[in-house]
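Visitor: Sequence plus the predicted model coming up.
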Amino acid sequence: MSSQQKVLVLLWLLILPSAANSQSENRLNYIIESTSGFSNGEQAPFWLISNKQGLSSLAKDNSYLRIGVFQSGNPDKKCTLSYGLDLATAVHYSSTFIIQQAYLDLHYKVLEASLGSKERWGEMKNQRLSSGGLMYSGNARPIPQARIGIPEFVAVPFTHGWLQIRGHVAFGAFSDDRWQKDFVTAGQKHTERVLYHSKALFWRIGKEHLTPFIYEGGLEMSAQFGGNSIAGNRKTNMPNQPMDFLRVFIPSGGDKSTPLGEQTNVYGNHLGSWHSSLAYTHDEWKIRAYFEHYFEDHSMMFLEYGWKDGLAGVEITLPQRMMVQQVVLEYMTSRDQSGPIYNDTNDVIPEQISATDSYYNHGIYTGWQHWGMGIGSPLMLSPIYNTDGSITFKNNRLESTHLGVSGSLTREVSYRLLYTRSKSWGTYSNPARDVLTDTYFLWEMNYQPQRLKSWRFSASLGIDRGDMTGSNNGILLSIRKTGHF
C-alpha cells in the first residue's frame, strides 16, 4: 500500500464516525461483488478489462472480491456529507490489495468539495456503451485528489435558466510509483511523486422538458507536474513549489530549475479536450450527437492546425418497453496529431512548427496513464500491454469505428453488446511496418431476479482478433449484492 493510500484510509476512518452520526437519518449502503475471469489466449480480451475504472487485469485468469460502503448526503439540506470506502482483494492483478475508492464529499448549496479517490467517468459519453472519451474514459484507477466545483448544472443569473454552467478545479497525486518501478526493465523511464491537476467549465443552453433541443459544450484541461523522472542513471527533478502550481493552473513556462524544454514551452505535461453535444428529445425517443476534440499543449487547442482528430458519436435512446433501448455509434481518429514534421525556429527555417504531438506520451513523464492503464481512450493500447518493460503508448495513431447496444430481453434479463474495429499506424517516431487491424467484441448478460432485486448475476464473453492484442477468447463471471444497514 502506498503512502498516499494509507493517508486516504486513515483520513476516512477518522472521519467516518462523526460523518455517520451527522447523517444518521440516511442509511449506509453497501456493495459486495465477486468477479472471476478465464481466457484461453495470451491475455484477457480487450473489453473484459477496458473502461472498468482500472479494476481489471490483463492476466488470462484473474479474480477479485470487492466490498464497499457508501453514504449519500441529504439533498434537502444546504450542507451535507457524502463518503465512501471501496476495497478489493485480488488475484493476478497489479496489486493484491486495492483501495478503489476512499473519499469524503462536502456539499454546500450548489458547491461540492471532494477529497480522496473517487470513480469518475468521461464527459458527455455513455459509460456503458461508449468506447471511452479521449481525455477521460474510466479506464484507469481513480487519481487521489482535492477537488472543488459545481458538479451539477446551475442556472446563470438573469438567463431564466436558459444558460447553465458547471465545472471544477482539482489538484492531486498519482499513486502508482511502486507499480512503475516494478514494471519497467533496466534503463526504462519511470516516475515518482508526480502531481496531478485538472480544471473544466461546461455550459448548457436550453431547458429540459420545455425545448426539444439541448446543447452542451465545454473545455477540460489536465496536467502532470512535479515529481522525478528516472531513466537508468539519469534523474530529472521537476519542482513543485507554490509558483509551480500557478504555472500549471495558468499554463506557462517553468523557471530555471526546470529543464530547458519546460522553460521554452510550458511547465509539465498538458492536455485537454473541447466537448460539444446536441440532443433532441421527442416523447420517449432521444437522439444525441457529440464530438470531442483532443489536444496536447497548445498546438491543436485552437484552429491553427485544424481539428482533424477527435471522437464523433451518436447516441439513440429508445422507449424502455423495446428490446433495444440504447444504441451508440462512434468514429475516432488520432492520425494527424498536428502533422508529421516538427521544427523549432532557426536561421534556415524561421518558422515554428509544433507537430508530432505523440498523444498520451511525454518526454519527461510516463504519459497519460495510471497503474499501467491509459486514462484516456483504451483504444490507444495502454502501457500494461507492453512486453518490453516500457511505460509508453506504442500505437497512438489510429482510426476506429465502434458500436454499442443495450436493452432488456425480460424484466429480469438485460444485455450489452460492444463491437470495435481499430486500425493503427503505430506512432510518428516508430511507425508500424503494416497497418495493424484489430476487432474487439463483448456480449454481456445480466440477471436480476424480481424476488432478489438486491442480487445481480452477470456473465460476459469477450473475443479479440487482430495484430496488436492477438487472438483471445474469455469469459467474466460476476455476482453482486447491494443493500443497506
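Guide: It's in.

Visitor: Tell me where the stretch 351-485 of the chain has strands.
Guide: 369-370, 373-374, 398-408, 413-426, 431-447, 455-466, 472-484 (DSSP state E, counting those that start in this stretch).

Visitor: Quick one: those as CSV, columns for mean neighbour count too.
Guide: Where C-beta positions appear, they are placed from N, C-alpha and C, glycine not excepted. CSV is the format used below for the strands of the stretch 351-485 of the chain (neighbours: other Cβ atoms under 10 Å):
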stretch, mean neighbour count
strand 369-370, 24
strand 373-374, 26
strand 398-408, 18
strand 413-426, 19
strand 431-447, 16
strand 455-466, 18
strand 472-484, 17
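
Visitor: of all those, which lies closest to Gly73?
Guide: strand 472-484 (15.1 Å; Cβ to Cβ).

Visitor: Which strands and helices lie in contact with that closest one?
Guide: strand 29-39, helix 46-49, strand 455-466 (3 or more Cβ pairs under 8 Å, 6 or more residues apart in numbering; DSSP states H and E).

Visitor: Neighbours of Lys235, how many?
Guide: For Lys235, the neighbour count with other Cβ atoms under 10 Å is 10.

Visitor: show me where pLDDT drops low in this structure?
Guide: 1-26, 260, 262-264, 341-355 (pLDDT under 70).

Visitor: what secondary structure does the residue lying closest to Val91 once chain neighbours are set aside sit in?
Guide: By the measure of Cβ to Cβ, 6 or more residues apart in numbering, the closest residue to Val91 outside its immediate chain neighbours is Ser63, 5.0 Å from it. Following DSSP: H, G, I helix; E, B strand; the rest coil, we place Ser63 in the strand state.

Visitor: do the same with the one 4 residues further on
Guide: Ile67 carries the three-state label strand when classified by three-state DSSP.

Visitor: And for Met243?
Guide: Applying three-state DSSP: Met243 is helix.

Visitor: you'd agree it is up against Ser257?
Guide: No - using Cβ atoms under 8 Å, Met243 is not in contact with Ser257; the gap is 10.3 Å.

Visitor: and Arg178, that's in a helix?
Guide: Yes - looking at Arg178 with three-state DSSP, it is inside a helix.

Visitor: which residues does Glu123 contact?
Guide: Gly133, Met135, Tyr136, Ala200, Phe202, Gly218, Glu220, Ser273, His275, Glu292 (Cβ atoms under 8 Å, 6 or more residues apart in numbering).

Visitor: ok, it to Ser72 distance?
Guide: With distances taken as Cβ to Cβ, to the nearest Å, Glu123 is found 22 Å from Ser72.

Visitor: cool, Ser137 as well?
Guide: Distance of Ser137 to Ser72, given as Cβ to Cβ: 25 Å.

Visitor: Do a quick rundown of the helices in this structure.
Guide: 3-22, 46-49, 177-183, 242-249, 260-264 (DSSP state H).

Visitor: could you say what helices and strands the fourth one packs with?
Guide: For helix 242-249, the helices and strands in contact under the criterion 3+ Cβ pairs under 8 Å, 6+ apart are strand 195-205, strand 213-225.

Visitor: Would you mind giving those strands as TSV with distance to Gln127 and mean neighbour count added?
Guide: Converted to TSV, these look like this (distance: least, Cβ to Cβ, whole Å; neighbours: other Cβ atoms under 10 Å):
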stretch	distance to Gln127	mean neighbour count
strand 195-205	17	20
strand 213-225	16	19
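
Visitor: Count the residues that sit near the residue nearest to Tyr290 when sequence neighbours are not counted.
Guide: Excluding its sequence neighbours, the residue lying closest to Tyr290 (Cβ to Cβ, 6+ apart) is Ser277, at 4.1 Å. Residues lying near Ser277 (other Cβ under 10 Å) number 21.

Visitor: and Ser277, bridged to which residues?
Guide: Glu216, Tyr290 (DSSP bridges).

Visitor: and it, what does it touch?
Guide: Ser277 neighbours (Cβ under 8 Å, 6+ apart): Met124, Tyr215, Glu216, Gly217, Arg288, Ala289, Tyr290, Phe291.

Visitor: circling back: who's more crowded, Ser137 and Ser72?
Guide: Counted by other Cβ under 10 Å, Ser137 and Ser72 do not tie: Ser137 has more neighbours, with 24 against 17.

Visitor: Touching, the more buried one and Leu379? I think so.
Guide: No - at 9.2 Å, Ser137 does not count as touching Leu379 under the criterion of Cβ under 8 Å.
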